[in-house]
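Chemist: structure of the sequence below:
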Amino acid sequence: MAGAAAQFTFSNRAAARLAVQQDVKQVATQIAAAARDLSPRGESGEFAAGWEVVAGRDPGTWLVVNMVPHGLYVEYGTTDSPAQPSLGPAAAATGLPRW
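Modeler: Presented below is the predicted three-dimensional model:
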């Protein structure tokens, strides 16, 4: 029929997320690499090496994390030490829109 609207029914509500899962993982991997490059090295380089991409709880969700115990203090600073952010600038460097 000419001019008829298309109608779709999803049997799998996660289908859209599953469809873009690898693209989202690729962007998360790029952000993690940029965070590594922007991270201060310190004596051990542990913080810079600590960035990794892990699957989130929901399909199509990936997290860029740094599980180094002192990572929070490096990224956000303390009253005695200024912040040395790397994750925020790394995400901004992708040029992707903010959600």
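
Chemist: okay, now the unreliable bits of this protein?
Modeler: For the chain, residues meeting the criterion pLDDT under 70 lie at 1-2, 10, 98-99.

Chemist: so what's the residue count around residue 90?
Modeler: Using other Cβ atoms under 10 Å, residue 90 has 21 other residues around it. Placement of C-beta: from N, CA and C, glycine included.

Chemist: right, and the helix or strand after the top helix by length along the chain?
Modeler: Longest among the helix segments of the chain by residue count, using DSSP state H, is helix 15-38. Using DSSP states H and E, the helix or strand that follows helix 15-38 towards the C-terminus is helix 46-49.

Chemist: quick check: buried residues in that following helix?
Modeler: Within helix 46-49, the residues that count as buried by 16 or more other Cβ atoms under 10 Å are 46, 47, 48.

Chemist: helix or strand for the nearest residue to the first one once chain neighbours are set aside, which one?
Modeler: Meaning residue 46. Residue nearest to residue 46 in three dimensions, not counting chain neighbours: residue 68, with 5.5 Å by Cβ to Cβ, 6 or more residues apart in numbering. Assigned by DSSP H and E, residue 68 falls within no helix or strand.

Chemist: right, and residue 68 touches residue 52 too?
Modeler: No: using Cβ atoms under 8 Å, residue 68 is not in contact with residue 52; the gap is 10.4 Å.
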